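Colleague: Predicted structure and sequence below. I'll ask about it afterward.
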Amino acid sequence: RRAAVVLVAVGLPGAGKSTFYERHLASRRVARCCQDVLKRREKVEAAVAAALRRGDDAYVDRTNYDAAQRAHWIKIARRHGTLCVALRFAADPVVCSARCASRRRHEGGLDSRDPKQCQRVVSHLHGRFRAIGADEGFSRIVAVGDDDAADAAAIAALLADQEPTPREIG
């Protein structure tokens, strides 16, 4: 069996990070480490480390809007001697706000109960978002979230430890 991988979702609320997990990773041996569920980054860090100790892949399901936010996952992956791959979700902020506002009882509480809050949070985080830098330390940076078939192929290649797909951006 290949070494476990840390997959780091990078995208606004409503960009499709949790949906991506459900469509492409839930049926595989990938632990979803979600801040909406666990509530604190430190708990997400502990969940990622626990998954790696078990030999499982870990999916970090949180916004990860800048290099400082993303550095935690790279550090944990290095400590466990494994790859850390960024999955970049680049959905438009207007689309993200609309998706958030249409969600029913989302586990993070950002949903149809308060559509204006959805818009405020997405707008605020969009203003703080920084592009993933090639120098951040990720093994790979892959654009996902816009093409279901291509996303499935990209994940299959990553988790089979094959060559990067043409959709790789870094």
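Modeller: Nice, I can see it.
Colleague: contacts and neighbour counts: CA atoms only from here.
Modeller: Will do.
Colleague: Next, L7: secondary structure please.
Modeller: Under DSSP: H, G, I helix; E, B strand; the rest coil, L7 falls in the strand class.
Colleague: what number of residues lie near it?
Modeller: Other residues within reach of L7, judged by other CA atoms under 10 Å, total 29.
Colleague: For it, list each beta-bridge partner.
Modeller: Y59, V85 (DSSP bridges).
Colleague: my guess is it meets V85, correct?
Modeller: Yes - between L7 and V85 there is a contact at 4.9 Å, judged by CA atoms under 8 Å.
Colleague: Helices of the protein, start to end?
Modeller: Secondary structure of the chain by DSSP state H: the helices cover 17-24, 35-38, 41-54, 67-79, 93-102, 115-128, 148-159.
Colleague: Of these, which is nearest S139?
Modeller: Of all the helices of the chain, helix 67-79 sits nearest to S139, with 9.0 Å by CA to CA.
Colleague: Check which helices and strands that closest one is in contact with.
Modeller: strand 5-10, helix 41-54, strand 83-89 (3 or more CA pairs under 8 Å, 6 or more residues apart in numbering; DSSP states H and E).
Colleague: hmm, try it at 10 Å
Modeller: Using 3 or more CA pairs under 10 Å, 6 or more residues apart in numbering; DSSP states H and E as the contact criterion, the neighbours of helix 67-79 among helices and strands are strand 5-10, helix 41-54, strand 57-61, strand 83-89.
Colleague: Tell me the buried residues in that helix?
Modeller: Taking 16 or more other CA atoms under 10 Å as the basis for neighbour counts, the residues of helix 67-79 that come out buried are A67, R70, W73, I74, I76, A77.
Colleague: Including distance to A3 and pLDDT, could those residues go into JSON lines?
Modeller: As requested, the buried residues of helix 67-79 are exported to JSON lines (distance: CA to CA, whole Å; pLDDT from 0 to 100):
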{"residue": "A67", "distance to A3": "24", "pLDDT": "95"}
{"residue": "R70", "distance to A3": "21", "pLDDT": "94"}
{"residue": "W73", "distance to A3": "16", "pLDDT": "93"}
{"residue": "I74", "distance to A3": "15", "pLDDT": "96"}
{"residue": "I76", "distance to A3": "14", "pLDDT": "95"}
{"residue": "A77", "distance to A3": "11", "pLDDT": "94"}
